[in-house]
Every structure is written in C-alpha cells, then in structure tokens.
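Asker: 3D, please:
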Amino acid sequence: MVFDVCYVLRLFQTIYYLKRKQIKYRIYYIFRNKWRKLYHYKYPLTLQSHAEVIHLGTTIVSNAIYKNNTFIFLNCKYKVDINIDWDYAKHGKLWTYNLTYFDYLQQEEMTEDEGVSFIYDFMDQIEKVRDGMMPFPISLRGMNWIKFLSQHQIEDQKIDDSLYAQYHKLMDNIEYHILGNHLLENGFSLLFGAYYFQDEKFYDKAKKILTEELEEQVLKDGAHFELSPMYHQIMLFRVLDCINLLQNNDWKEQELLALLTHKAEIMLGWLHTMTYASGDIPLLNDSTNNIAPTTDDLNKYALRLGIQKRLLALNDCGYRKVKNERYELVMDVGNIGPDYIPGHAHSDTFNFELYVDGQPFIVDTGLSTYETNARRTLERSTASHNTVEVGGVDQSEVWGGFRVAKRAKIIYLDENNNEIKATHDGYKRIGVLHTRKFMTFDETIVIEDSIECSGKHQGIAYIHFYPGLLPKIKDNKIIILDKHIVIDNAESIKIEAYHYAPEFNKLMSAYKIKINFTDYLKMEIKI
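Answerer: Residues are numbered from 1 along each chain as shown. You can find the predicted model right below:
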C-alpha cells in the first residue's frame, strides 16, 4: 500500500508539469484508438498521389550503418538472411526504430538498386509493421525516402502512393501528446512531404508547427530547449535540410526561409561555443557520440547553404563555458528543461566537464541505453555526474526511463568576471539547499560546495575521470599525471571504478573519486 501511495504521488508530481495540450491529446488518442480497434479501423496502405521531383543540394551523408547484409545501429548488429524483419526487437525498441528510419539510404555506399529494394521490402511487409508505423519513425523515414528518391531522380508510383498514405497517417497522429523534438520532427517531415506531393494541407500543418515550435524550442541564446548537445545537433541538421529544400524549390516562394535561417544562425553559434576544440561535444543530459552529425559536418553544410553562425553569450540554456589556452570548462548552473518534456534530462545540477590541453580529463558518465532498466536509472542519477549528492537521494527525481517528478530549481545565481555562484533547491524535501561556486583562473579552477540546513547532512562530491586516467590519493591531494586536485575539509576520499559510456551499448572502464564531507567542501584543480 505504501508503495502504491508513493507511486501515485510521484506520478502526480510528474503529470503536474505537463501542458494541457499534452494531457488532452494523450486522453484523446487513447480513447480514439480503443474506439477504432472496436470497429476494426485500419489506415489505408496506399493512397493515389501525384509527386513532383524536388531538387536538393548536397546534404550530410549518413554513417556506414549497413554493409555486408548487416545493419549496425547503436553498436548492435543484425544480419539479414532473406527478408528483413522490420520489427526486429532483440536489441530494444530504439534499435527497431533506427531500422525503420532508413538513414542508411543516405550513406555513400548505398546504390540506387539496393535502396529501392529496401523500400520495396518495407512496403511488402508494411501491413504487419508495428513500431515503424509510429509517427516518429514515419517522420524520419519520410524525409529519408524523399531525399533518396530526389537524389536518384526516381519516379515510382507504387513508392509514392505508399509514402503518401504514411504521411496521411502522420497527419492523423501528430505528436502533440509528447511535444518537444518529436513534434519538430513531425513538422520538418511534413514540410518535405508538402513539397514532394505539393499538398497544401501538409504545408499548412508544417508551417504552423515549425513557426510555433522553433520559437518555443530554440532559446534566445541559440540552444535547443531540451539541453542535450546531441539533440541540438540533430535539430540543427533538420533546420539546415529544410533550408536546403526551400532554397532549391520555389513552390511556396520560400516564405519560411527567413525564420529557418535565423534559427540556424543562432543554433550554429551556440554549438560553436559548446563544442570543444577537439570537435567533441559535452555529453550532458541524453548525449552520446556517433548518433548526430558532427559539429564540423554541420558547419560545412551550413557553409554550402550560405548560412553564417551568430555567436551569442550562453544565458537561457543554463550552461556556461570558460576557455583559455590550457583548458575548457563547461558548467551546468541551469534548470532541467523544459518542465513539460524532461525525458532527456538528468539529475545533474552543477555538473561540469573539463578538457585540458585539448584532451578529456573530467567527464560526464555518458549515455549507453534508452531501455527502462537499472543502467538507464544509474546514468540519469546525481551520483553519475560531477556534482554533489546529499542524503543518498537525487537532486531531481528521475524515474521510469524518461520521467522526472520533483526537480531541482536554481533559486540564486550570481556571475561576475571569473566567478559563478548558484544555489538549487533540489534537496529541500530533506531540508537542504546546495550552493556551488566556480572560480576560474589561468591554470587553476576552484570549486566550493556548501550545504545549508538546520541540522547536519553529509554530502558526497563525485569526480569522474576519462578512461585511462588513474588517480592516486596522497594526503589531501588527488594526483593524476602532472595535475593535482587539492581537497579541503573532506572526511574521506575514495577511488572507485565506474563505467564510462561514450556511445550507446558501449562501456569503458574508468575511475571516479567519491569525497565525503559535511557542510562545506573546497576543491582546487591545478592544471
């Protein structure tokens, strides 16, 4: 009974932040689907269509994710014998989605005949495809089919009629119940579908979604509001693809071009600021490598389109970055965002990453899975980030794979010159406020943590080192190569092993430091 009460309370605290539109459409879709199932309703698999060949400039090619009759997504393989199982589920739902996105149509090695054979195989089995007929996979697949068909100047009525029917299903299932990047992907894809089929309804819906959501989802400093550098790269890629579409086709006189160009410019600027000199992105929130186009690829694509980056100071996103000749420091002093779609957020307030002389030194644990399991829970937890855990609980209550109940809020922030000081209230449920101060100098970084409470609460500060770096403890110092971290006021300092996750389904052995303290801790990182 206690468990049930706790679950209901946590669920309420999660639902509390949802928009009314999300709740409305969740209820509507549930009852509509039950009603349709009762009357055996089925979407048509083909609809008579008339497609126009569209023109596109060179875009970004995909990684080699299909070769030698084998699909490779998320570092997991599936070798095809005869026909493709489009609902192949042994590697999890995200893997299945990737199979149906058809990104491999954009890889350099993909021939026209091979690509068409994949499309036909999918159409032949479409009646029994489940996961791949969800609105999100339809959105990505639609863009990939259109780009492929246009690149090879393929005119195939059967493919067009199937794709047109899929777009009608998408139109009937726009992801208003989720919002965020899902809704943007619906809008991007409908814009491609509108131009390809010259369909006014598709265009009106795409225009409405993109106009509203780009204003909502791209913050004033250029960040995508889900605060994942990886998803930022993906969303920027879509914006650039839409600019490519509009620049090379004049069906609607490019009326969305100014909006898309403005968003691309500030998104490029934000990404430039956040990307390390090595080309890596910080693995903050749900971010990992080898999923999105690289920053370098996006910059080159933007250049081909004549889009220039616009550099703005980091502000709305909550991230801050200090860069000098020796190091690059990225700090998180912002809120989980956005409140109504925090599925890709982690419990990581005051987290930081540090690169020294162009190499990773202190890193985020990373992301290895989207499955709802213990590893997913661990990777989203406070203890998996370079911040402070108090009372054995998370700052923000991450749960269920993609949910957040109570969440930490920044209640104080002060910035000047080389100092940032902030306080969050994520531990107020146990009577605690956590304040962290970052002070940055040419070759030294000082971090001070204060726990404010009526009684005494023990904190644990975590520092995760990049694989291959072996810390040693001597007196009150952590020593790695020629770098020292001097600890003041620690009750104990321990070295423990952990698994660093640079990619999906890839774990690397590494070491972390756990520092136990009461009330106050000072760390001085000497580069």
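Asker: for this structure, which residue is closest to the average position?
Answerer: Ranked by distance to the mean C-alpha position of the chain (CA atoms, centre = their mean), the top residue is residue 231 at 3.5 Å.
Asker: tell me the SS of it?
Answerer: helix (DSSP: H, G, I helix; E, B strand; the rest coil).
Asker: what's it in contact with, if anything?
Answerer: Residues near residue 231 by CB atoms under 8 Å, 6 or more residues apart in numbering: 181, 224, 286, 287, 292, 344. The way it works is simple: take the backbone N, C-alpha and C, and place the C-beta from them, glycine included.
Asker: Residue 143 against residue 190, yeah?
Answerer: No: counting by CB atoms under 8 Å, residue 143 does not reach residue 190; the two are 9.8 Å apart.
Asker: re earlier: can you tell me which of the contacts of residue 231 is closest to residue 523?
Answerer: In terms of CB to CB, no member of the contacts of residue 231 lies closer to residue 523 than residue 287, at 24.4 Å.
Asker: Look up the closest residue to that closest one, ignoring the ones flanking it.
Answerer: Excluding the flanking residues, the one nearest residue 287 by CB to CB, 6 or more residues apart in numbering is residue 230, at 3.8 Å.
Asker: how close does that neighbour get to residue 281?
Answerer: Residue 230 sits at a distance of 7 Å from residue 281 (criterion: CB to CB, to the nearest Å).
Asker: Mind listing the shared neighbours of those two?
Answerer: Shared contacts of residue 230 and residue 281, defined by CB under 8 Å, 6+ apart, comprise residue 287.
Asker: Tell me the confidence at residue 11?
Answerer: The predicted local confidence for residue 11 comes out at a pLDDT of 86.
Asker: Remind me which helix or strand it belongs to.
Answerer: Assessed by DSSP states H and E, residue 11 sits inside helix 2-15.
Asker: Counting neighbours, which bits of that helix end up buried?
Answerer: 10, 14 (16 or more other CB atoms under 10 Å).
Asker: Following element in sequence after that helix, please.
Answerer: Moving toward the C-terminus from helix 2-15, the next helix or strand (DSSP H and E) is helix 20-38.
Asker: Just the residues contacting that next one, thanks.
Answerer: Judged by CB under 8 Å, 6+ apart, the contacts made with helix 20-38 from elsewhere in the structure are 15, 173, 176, 177, 178, 179, 340.
Asker: Tell me the buried residues in that helix?
Answerer: In terms of neighbour count (16+ other CB under 10 Å), helix 20-38 has its buried residues at 22, 25.
Asker: Before we move on, what's the pLDDT of residue 1?
Answerer: Confidence at residue 1, expressed as pLDDT, is 43.
Asker: quick revisit: ok, the residue nearest to the centre of the chain to residue 491 distance?
Answerer: Taking CB to CB, one finds residue 231 at 39 Å from residue 491.
Asker: Ok, residue 202 next?
Answerer: If you measure residue 202 against residue 491 using CB to CB, the figure is 62 Å.
Asker: higher neighbour count, these two?
Answerer: residue 202 (23 against 11; other CB atoms under 10 Å).
Asker: Report how many residues lie close to the closest residue to that one other than its chain neighbours.
Answerer: Closest residue to residue 202 in three dimensions, ignoring its sequence neighbours and counting by CB to CB, 6+ apart: residue 194, at 3.7 Å. Counted with other CB under 10 Å, the neighbours of residue 194 add up to 22.
Asker: Likewise for the one 4 residues further on?
Answerer: By other CB under 10 Å, the residues close to residue 198 number 16.
Asker: Can you classify the closest residue to it other than its chain neighbours as helix, strand or coil?
Answerer: Counting by CB to CB, 6+ apart, residue 52 is the residue found nearest to residue 198 once chain neighbours are left out, at 5.5 Å. With three-state DSSP as the basis, the three-state label of residue 52 is coil.
Asker: for the stretch 101-250 of the chain, what are the low-confidence residue spans?
Answerer: In the predicted model of the stretch 101-250 of the chain, no residue satisfies pLDDT under 70.
Asker: Apologies, that question was intended for the stretch 401-527 of the chain.
Answerer: Scanning the stretch 401-527 of the chain for pLDDT under 70 picks out no residues.
Asker: dump the residue contacts of residue 281.
Answerer: Taking CB under 8 Å, 6+ apart as the definition of contact, the neighbours of residue 281 are 229, 230, 233, 271, 274, 275, 287, 295.
Asker: And these, which is closest to residue 517?
Answerer: Relative to residue 517, the closest of these is residue 287; by CB to CB it sits at 29.0 Å.
Asker: contacting residues around the closest one?
Answerer: Under the criterion of CB under 8 Å, 6+ apart, the contact list for residue 287 reads 228, 229, 230, 231, 281, 364, 366, 367.
Asker: try it again with 6 Å
Answerer: Taking CB atoms under 6 Å, 6 or more residues apart in numbering as the contact definition, residue 287 lies against 228, 229, 230.
Asker: The second one: how many residues sit nearby?
Answerer: Close neighbours of residue 229, defined as other CB under 10 Å, add up to 25.
Asker: Excluding chain neighbours, give the residue nearest to it in space.
Answerer: Sequence neighbours aside, residue 281 is the residue nearest to residue 229 in space, at 4.0 Å (criterion: CB to CB, 6+ apart).
Asker: secondary structure class for that neighbour?
Answerer: For residue 281, the secondary-structure state derived from three-state DSSP is coil.
Asker: For residue 366, see how far away it is.
Answerer: 11 Å.
Asker: circling back: out of the contacts of residue 281, flag the one nearest to residue 392.
Answerer: Looking across the contacts of residue 281 and measuring by CB to CB, the closest to residue 392 is residue 287, at 26.3 Å.
Asker: Quick check: the gap between that closest one and residue 259.
Answerer: 26 Å.
Asker: if we can go back for a sec, I'd say the residue nearest to residue 287 and residue 293 touch.
Answerer: No: using CB atoms under 6 Å, residue 230 is not in contact with residue 293; the gap is 10.1 Å.
Asker: what about those two, which has more around it?
Answerer: Neighbours were tallied for residue 230 and for residue 293 using other CB under 10 Å; the higher tally belongs to residue 230 (23 against 20).
Asker: Identify each of the strands in the stretch 201-350 of the chain and give its residue range.
Answerer: 319-323, 327-332 (DSSP state E, counting those that start in this stretch).
Asker: Point out the most buried one among those strands.
Answerer: Of the strands of the stretch 201-350 of the chain, the one with the most neighbours on average (mean count of other CB atoms under 10 Å) is strand 327-332, at a mean of 24.
Asker: now that strand: mean pLDDT?
Answerer: For strand 327-332, the per-residue pLDDT values average out at 98.
Asker: is it true that residue 236 touches residue 266?
Answerer: No: using CB under 6 Å, residue 236 makes no contact with residue 266, being 10.0 Å away.
Asker: ok, these two, which is more surrounded?
Answerer: More neighbours sit around residue 236 than around the other of residue 236 and residue 266, counting by other CB under 10 Å; the figures are 25 against 19.
Asker: burial measure for the closest residue to the more buried one other than its chain neighbours, as a count.
Answerer: If the residues on either side of it in the chain are set aside, residue 236 comes closest to residue 267, at 4.6 Å by CB to CB, 6+ apart. Number of residues near residue 267 (other CB under 10 Å) recorded here: 29.
Asker: same deal with residue 167?
Answerer: By the other CB under 10 Å criterion, the neighbourhood of residue 167 contains 26 residues.
Asker: Equivalent analysis for residue 286, please.
Answerer: Residue 286 has 23 nearby residues by other CB under 10 Å.
Asker: quick one: the helices in the protein?
Answerer: 2-15, 20-38, 93-101, 112-125, 135-151, 157-171, 180-197, 200-217, 229-248, 257-274, 295-304, 374-380 (DSSP state H).
Asker: mind putting those in a markdown table, distance to residue 499 included?
Answerer: Output for those, formatted as a markdown table (distance: least, CB to CB, whole Å):
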| stretch | distance to residue 499 |
| --- | --- |
| helix 2-15 | 27 |
| helix 20-38 | 34 |
| helix 93-101 | 19 |
| helix 112-125 | 35 |
| helix 135-151 | 29 |
| helix 157-171 | 38 |
| helix 180-197 | 27 |
| helix 200-217 | 32 |
| helix 229-248 | 19 |
| helix 257-274 | 25 |
| helix 295-304 | 26 |
| helix 374-380 | 9 |
